[in-house]
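Trainee: I'd like to go over a predicted model; first the sequence, then the structure.
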Amino acid sequence: MTARGTRLLWTLLAAGAAVRLAVSFATVGSAFDMESFRLVADRLAAAPFAHYSDMAFGGRPRWPYTPGYIPTIVWASKLADVTGMPFHALISLPAVIADLAIAWIVQSFLGRRGVGERRRLTAAALVVLGPSFAVISGYHGHFDSVAILPAVAALAVWERPGNRRRALAAGLLIGLGGALKTVPLLMVLALLPGARSTREATILLAAAVAVPGLVLLPFLAVDPGGVAHALRYVGVPGAGGLSLVVQPSLSRFWLTDPFVDPSQLTLALVTAGPFLDVLVMVALGALLVRCRFAPLKGAVLVWLAVYVFGTGFFFQYLVWGLPFFIMAGYLGWSGVVQAVALLPTALFYLGPWQERWVVPVYASMMIALWAGFLIALVRLGGSPSTPPPTMGVGDPVRAHAR
């Protein structure tokens, strides 16, 4: 990258950080999640390693994640108490930093694959200025970008030429993400087909499982039932995904009417959610291995499958897949995804609403987004296995075709 390009990149990073920090200090973020963070810190101090059961209010876990982020919550809570700085801003700082790191990695990854300066800067801008990233780290205050960052780095490490220890490094990175949230562990499915040997595949898988396993050990020893219940969480229906397709009116619960009841079909879908997730990922893993899709293409397929078959959806979930779409060179498509999601995101976070038009507009746009993911998954999964390009904006289907 030229000196001018480097300056522009640093300007983008600085602008993205400034916007996020300004918003995070000026707003309180998601009240539900901020309360959950506080509860985690309080319950951990009162009953170490037993907070999973303590926080299962009404049968729904308030902390349905692996425990790797808990030290950060404790740090932010204590720092807020000591300095008087707002907790909601301090807890957002790791996510802000993670966004900047993701932006740096994706543009560097593209640069190693021969992509020009302009497209590398565009890739970075899609992260640091992209609303799907900025809203979550700057306003919502959730840590999805922190959790997915190690998985993004793992793909970059895995694809670096001549890296003989890539299995151990990538596995540990994926495991680090899995110690924060379980979803980054899905990146193992994308990398396994590219393993050079059974030994390399074993090292990758073992390292990825070992990190969250070790982090979970003390919690499993004290509260195995609470941990098992929390980690079965697959989201809440109605905000998007397959549950919204099945019952579009359920979006009223999030926008206008908290007393809307899910249909019997929705309840059945949510009950079957964990089994459906396992079935889909096993089938996808078999497809990736059988067709030996390139890791980058495999990563795109994994996250498309998550968006299509996931029964629940929240807007922070977009942070999981977008970095990999961008790394695969789908810059235009990644921009379109964020543009389509922008209005529904605003409607979701700025509610509740009294206007009747909100529900049909929200539901139609979210179903359109889901349909786009479905079309991309079907066509991309059926295309020949070729190295993912990085030169054309194109759609995610033509970009992978021969």
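Mentor: That came in fine, so what should we check first?

Trainee: what's the weakest-modelled helix or strand in this structure?
Mentor: For the chain, counting by mean pLDDT, DSSP states H and E, strand 56-57 ranks last in confidence among helices and strands (a mean of 61).

Trainee: Just after that strand, pick out the following helix or strand.
Mentor: Of the helices and strands lying after strand 56-57 in sequence (DSSP states H and E), the nearest is strand 60-61.

Trainee: What is the distance between that following strand and the centre of its chain?
Mentor: Distance of strand 60-61 from the chain centroid (C-alpha atoms, centre = their mean, to the nearest Å) equals 20 Å.

Trainee: Residues touching that strand, excluding its own?
Mentor: Tyr52, Met55, His229, Ala230, Tyr233, Val236 (C-beta atoms under 8 Å, 6 or more residues apart in numbering). (C-beta placed from N, C-alpha, C; glycine too.)

Trainee: Just checking: what are the partner strands of it?
Mentor: Each strand that strand 60-61 pairs with, and the sense of that pairing, follows from DSSP bridges: strand 56-57 (antiparallel).

Trainee: follow-up on the earlier one: got CSV for the contacts of strand 60-61, with neighbour count and secondary structure too?
Mentor: Listed next are the contacts of strand 60-61 as CSV, based on neighbours: other C-beta atoms under 10 Å; DSSP: H, G, I helix; E, B strand; the rest coil:
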residue, neighbour count, secondary structure
Tyr52, 27, helix
Met55, 20, coil
His229, 17, helix
Ala230, 23, helix
Tyr233, 16, coil
Val236, 17, coil
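
Trainee: Out of those, the closest to Met366 would be?
Mentor: Out of the contacts of strand 60-61, the one with the shortest distance to Met366 is Val236. That distance is 14.3 Å, counting by C-beta to C-beta.

Trainee: how much space between the closest one and Arg252?
Mentor: Computed as C-beta to C-beta, to the nearest Å, the Val236 to Arg252 distance reads 14 Å.

Trainee: who's in contact with Val74?
Mentor: Ala41, Leu44.

Trainee: Backbone torsions only: list them for it.
Mentor: Its backbone dihedrals place Val74 at phi -60, psi -40, with angles given as degrees, to the nearest 10.

Trainee: for Pro352, helix, strand, or coil?
Mentor: Going by DSSP: H, G, I helix; E, B strand; the rest coil, the secondary structure assigned to Pro352 is coil.

Trainee: So it sits against Arg252, correct?
Mentor: No. If you go by C-beta atoms under 8 Å, Pro352 and Arg252 don't touch, sitting 9.8 Å apart.

Trainee: neighbour count winner among these two?
Mentor: More neighbours sit around Arg252 than around the other of Pro352 and Arg252, counting by other C-beta atoms under 10 Å; the figures are 20 against 11.

Trainee: so who does the spatially closest residue to Met366 that is not a sequence neighbour touch?
Mentor: Among residues not flanking Met366 along the chain, Gly240 sits closest, at 4.7 Å (C-beta to C-beta, 6 or more residues apart in numbering). For Gly240, the contact set (C-beta under 8 Å, 6+ apart) comprises Gly312, Phe313, Phe314, Phe315, Pro344, Met366, Leu369, Trp370.

Trainee: between those residues, which has the most around it?
Mentor: When the contacts of Gly240 are compared by neighbour count (other C-beta under 10 Å), Met366 ends up highest, at 27 neighbours.

Trainee: got any ranges where the chain has weak pLDDT?
Mentor: Low-confidence segments of the chain (pLDDT under 70): 54, 56-59, 384-402.

Trainee: Spatially central, which residue of it would that be?
Mentor: In the chain, the centroid-proximal residue (C-alpha atoms, centre = their mean) is Trp320; its distance is 2.3 Å.

Trainee: That residue against Val306, yeah?
Mentor: Yes. Between Trp320 and Val306 there is a contact at 6.8 Å, judged by C-beta under 8 Å.

Trainee: hey, what's in contact with both of these two?
Mentor: Where contact means C-beta under 8 Å, 6+ apart, the residues bridging Trp320 and Val306 through contact with each are Val183.

Trainee: what comes up buried for the strand or helix carrying Thr11?
Mentor: With elements delineated by DSSP H and E, Thr11 resides in helix 3-26, which encompasses its position. By neighbour count, with 16 or more other C-beta atoms under 10 Å as the criterion, the buried positions of helix 3-26 are Gly5, Leu8, Leu9, Leu12, Leu13, Gly16, Ala17, Arg20, Leu21, Val23, Ser24.

Trainee: Surely the third one and Thr122 touch.
Mentor: No. Taking contact to mean C-beta under 8 Å, the distance of 11.0 Å between Leu9 and Thr122 leaves them out of contact.
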